[in-house]
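**Student:** Starting from these lines, generate the structure:
(2 chains)
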Amino acid sequence: MAKVLVVTSGKGGVGKTTSTAALGAALAQSGASVVVIDFDVGLRNLDLVMGAERRVVFDLINVVHGVAKLQQALIRDKRLENLWLLPASQTRDKDALTDEGVGRIIAELRTKFDWILCDSPAGIERGAMLAMRYADEAVIVTNPEVSSVRDSDRIIGMLDSKTVKAERGERVAKHVLITRYDPARAARGEMLSIDDILEILATPLLGIIPESQDVLRASNVGCPVTLNNVTSAPARAYVDAARRLMGETVDMTVPAERRGLMNRLLGRRAA
Amino acid sequence: MTMNLLRLFRGRNASAGVARERLQILLAHERGLRGQPDLLATLREEILAVVSKHIQLDPEKVTVRLDRGPVVSTLEVDIEVPNNFEQTSARAVRRAAAG
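**Tutor:** You can find the predicted model right below:
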């Protein structure tokens, strides 16, 4: 049965788009058919992070308005044949999305894919509301930083009240994904620890993505980090998170960078 | 006190404990407000309705503020009334008597 997963956070810049691309690719690599949808109308970026920016012809809003068929707007990934992208519009404003239109598209996608990942825009406005509206599950991307944790808490409140599931008296399964985590700084008490964040948000943990240069390197070349450098620490952390989404039990560890001998001798920090 | 001790042990840069404490206090407060209609707007509306029964008011001249203090909070209601205000109900009574 298809699952609709929203990747959300409230706060901007915490790694929603990176995480959507990375999780989408990891799920697709395991054999599932996956579509990632960019809900950030006017500020689309999932196409860029996925390396499909030059192949966008039609977008989500064109499909909502009946200008294009779903099949015309879906872009197949060049690396994985069962990974697809539905881009956002770059020119229209966010009001062009309608609740009914999004509902119709999600219902159609449910018949074609195993996983439908909705990349939410930042904020708590219309775009963010519609991205979470039809979700069965939610990944709340959180940085170990006060403003991000506060916004995550707000978003958790919205997932429990504004989604179709919540209105039916059901629950959206929520998972916290901690990104840009630096275990050394947390150990020194300079950064909120995983336990601090989980205690405050009272939501189960999906994974811990360590702060890493590999994330920027992957987005520079337009490739999900899970496909760009599969042995890198963030890639391994995202693959573990994707396996947990599929119901597997995977030990919760923070994958470490593999530092070269010279770096180690010079005491250089990897991230 | 706990925080000071923690800082002593972990060095000056150990600010995570402060972050956790601040978040816990803030979110406990914000979760309480969630889902409720705007308290101040409701208070303002109802206070305006009650006072307007007796005195004609300019709705713009009614301000309601809540100042949160460490121990107690104060609710400040500021209503500006013109010096020659009309007593709504008294006038109505007089009119009724004349009629």
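**Student:** Distance check, the closest residue to A:G103 other than its chain neighbours against A:Q72.
**Tutor:** Nearest non-adjacent residue to A:G103, counting by CB to CB, 6 or more residues apart in numbering or on different chains: A:Y134, 6.1 Å away. All C-beta spots, glycine's among them, are computed from the backbone N, C-alpha and C. Here the criterion is CB to CB, to the nearest Å. By it, A:Y134 lies 22 Å from A:Q72.
**Student:** okay, the two: which has more neighbours?
**Tutor:** Using other CB atoms under 10 Å in any protein chain shown as the criterion, A:Y134 and A:Q72 rank with A:Y134 on top: 22 against 12.
**Student:** which one is A:L43 nearest to, not counting chain neighbours?
**Tutor:** A:P121 (6.9 Å).
**Student:** Apologies, that question was intended for B:T74.
**Tutor:** B:D67 (4.9 Å).
**Student:** quick check, the one you found in a strand?
**Tutor:** Yes. Counting by DSSP: H, G, I helix; E, B strand; the rest coil, B:D67 is located in a strand.
**Student:** Confirm for me that it is in contact with B:V77.
**Tutor:** No. Using CB atoms under 8 Å, B:D67 is not in contact with B:V77; the gap is 11.9 Å.
**Student:** between these two, which one's more packed in?
**Tutor:** Ranked by neighbour count (other CB under 10 Å), B:D67 and B:V77 place B:V77 first, with 13 against 9.
**Student:** Contact partners for that one?
**Tutor:** Contact partners of B:V77, counting by CB atoms under 8 Å, 6 or more residues apart in numbering or on different chains, are B:43, B:47, B:62-65.
**Student:** Now, of those residues, which are buried?
**Tutor:** B:47, B:62, B:64 (16 or more other CB atoms under 10 Å in any protein chain shown).
**Student:** which residues does A:R44 contact?
**Tutor:** Contacts of A:R44 by CB under 8 Å, 6+ apart are A:38, A:59, A:87-90.
**Student:** ok, which stretches of the stretch 151-271 of chain A are strands?
**Tutor:** Secondary structure of the stretch 151-271 of chain A (DSSP state E, counting those that start in this stretch): strands at A:173-181, A:205-210.
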